[in-house]
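In: how would this look folded up:
(one chain, ligands or ions: 1)
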Amino acid sequence: MSDKFISIEGIAKRYLGAGGATTTVFENLWLSMARGEFACVIGHSGCGKTTVLNILAGLDAPNEGAVIVDGQAISGTSLDRAVIFQSHALLPWRTVLGNVAYAVSSKWRSWDRAKVKAHAQKFIELVGLAGSEHKRPSELSGGMKQRVGIARALSITPKMMLMDEPFSALDALTRGTLQDEVRRICLETGQTAFMITHDVDEAIYLADKIFLMTNGPGAVLAEVVENPLPRDRGRTDLHRHPLYYALRNHIIDFLVTRSKTFAAETPDHDPRNVPVVRIGKPGLSIAASGEEQRQTWTPGTNPGLTA
Ligand SMILES: Nc1ncnc2c1ncn2[C@@H]1O[C@H](COP(=O)(O)OP(=O)(O)OP(=O)(O)O)[C@@H](O)[C@H]1O
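Out: Numbers count the residues shown, from 1 in each chain. Model (predicted):
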C-alpha cells in the first residue's frame, strides 16, 4: 500500500478583493492519504474545505503547490476523481439508469449499450435502487437522488471519491442509512475517500483519519486525528467504545476553542510536519514516528474534556 496515494504539496489559494487586497484562504497546505483510506475534513465555515476539495477534483487550481494522485501531478478534472455534492446534480431528463449509464459511457466510450447497462445496473443495485431504474429524478426522494449520485460516482471506479457534505440536506434516518451504505461500499471496494462534513459523529463513524482545519482566512491544517475505533465498528454501538467520547471531545474541543487560538498558541507549527494525534489508552505518552510527529493523547489530561 502506497503511503501517499494522494499528496497535497504546499498548496495556496488566494483571492484578489475588490480594493486590490489579496485574501489568502490558506497557504503552504500539505496533507496526504494512503490508498483505500477514508478521510474527513472538519473546520468552521469559510476555512477553505470546499476549496481544497475543488482543487483535489481539478475544478479549481491552486496559486502555488501541486496535488499528486497515484504518482502524477493532476491538472484539471478527471474521471479518476469523482465528486458527490450536497445537491445531486442529476440530469433531470434522464432516468436513474440513464444518469448512471451516461457516466459509464463517458469513461468507457468503446463499450456497447448492453455492457454499459449491465455495469450501471450493478452500481444501481449496490446503492439499493434496484426497481427504480426507470424513474426520473423528479420521481425520487432526496435520499434516492443522493444514492443515484453515489452510484454514478462509484460506477466510473474512480481512484478517489470526493464528497462535499453529501448527506447534510437529508433527514436523519436517510442520512444514517446512506452513511452505512457509503461505509460498506468503501470498505468492500477499497475506495479512497475524502469527505467534508460539519458532523463530528459522521466523521467518527466514517473516517480512518480526520483532518482538523483552523479558522480562515489563513487557515492551517492543525492536526490529523487517527480514528482509534475498530474498522468493523457499528453505528449503534459506536458510543460504547471506551475511546469514543475521548475522540469526540477532542474534536469538539478543537472546534470550540483551539480552531480559533491555534495560530497564536502554536507559532512553531510546521505545515509539512503536522501532528498526528492518536487517542490512546491511559498511560501512553507522546511518541515520535517517522517524519510525522505522533502524539498519543491520554483521556483526562485535557481539562476541557469530560471523558
Ligand atoms: N470565487 C471566490 N472569490 C473570492 N473568495 C472566495 C471565492 N470562493 C471562495 N472564496 C472564499 O474562500 C474562503 C473559503 O471558502 P470555502 O467555500 O472553501 O470554505 P468552506 O470551509 O468550505 O466553508 P463552508 O463550510 O461554509 O462550506 C471563504 O472565505 C470564501 O469566501
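
In: Not counting sequence-adjacent ones, nearest residue to the closest residue to the ligand within the stretch 151-300 of the chain?
Out: Minimum separation of the stretch 151-300 of the chain from the ligand (C-beta to the nearest ligand atom) falls at residue 216, amounting to 5.6 Å. Just so you know, the C-beta spots here come from the backbone N, C-alpha and C atoms, and that holds for glycine as well. Among residues not flanking residue 216 along the chain, residue 47 sits closest, at 4.3 Å (C-beta to C-beta, 6 or more residues apart in numbering).

In: Now do the strands in the stretch 51-200 of the chain.
Out: 64-69, 72-73, 81-84, 160-164, 192-196 (DSSP state E, counting those that start in this stretch).

In: from the middle of its chain, how far away would the third one be?
Out: In terms of C-alpha atoms, centre = their mean, to the nearest Å, the centre of strand 81-84 is set 11 Å apart from its chain centre.

In: same check, this time on the second one
Out: In terms of C-alpha atoms, centre = their mean, the centre of strand 72-73 is found 20 Å from the chain centre.

In: Could you dump the strands of the stretch 51-200 of the chain into TSV with distance to the ligand and mean neighbour count added?
Out: Below are these laid out as TSV (distance: least, C-beta to the nearest ligand atom, whole Å; neighbours: other C-beta atoms under 10 Å):
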stretch	distance to the ligand	mean neighbour count
strand 64-69	15	17
strand 72-73	21	10
strand 81-84	14	24
strand 160-164	8	23
strand 192-196	6	24
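
In: mind putting these in JSON lines, mean pLDDT included?
Out: Output for the strands of the stretch 51-200 of the chain, formatted as JSON lines (pLDDT from 0 to 100):
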{"stretch": "strand 64-69", "mean pLDDT": "96"}
{"stretch": "strand 72-73", "mean pLDDT": "94"}
{"stretch": "strand 81-84", "mean pLDDT": "91"}
{"stretch": "strand 160-164", "mean pLDDT": "94"}
{"stretch": "strand 192-196", "mean pLDDT": "96"}
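
In: Next one: residue 150 from residue 258, what distance?
Out: 33 Å (C-beta to C-beta, to the nearest Å).

In: of these two, who's got more company?
Out: residue 150 (26 against 18; other C-beta atoms under 10 Å).

In: need the contact list for the more buried one.
Out: 84, 127, 166, 178, 181, 182, 185 (C-beta atoms under 8 Å, 6 or more residues apart in numbering).

In: Name the nearest residue to the fifth one, sequence neighbours excluded.
Out: Meaning residue 181. Nearest to residue 181 is residue 127, by C-beta to C-beta, 6+ apart, at 6.2 Å.
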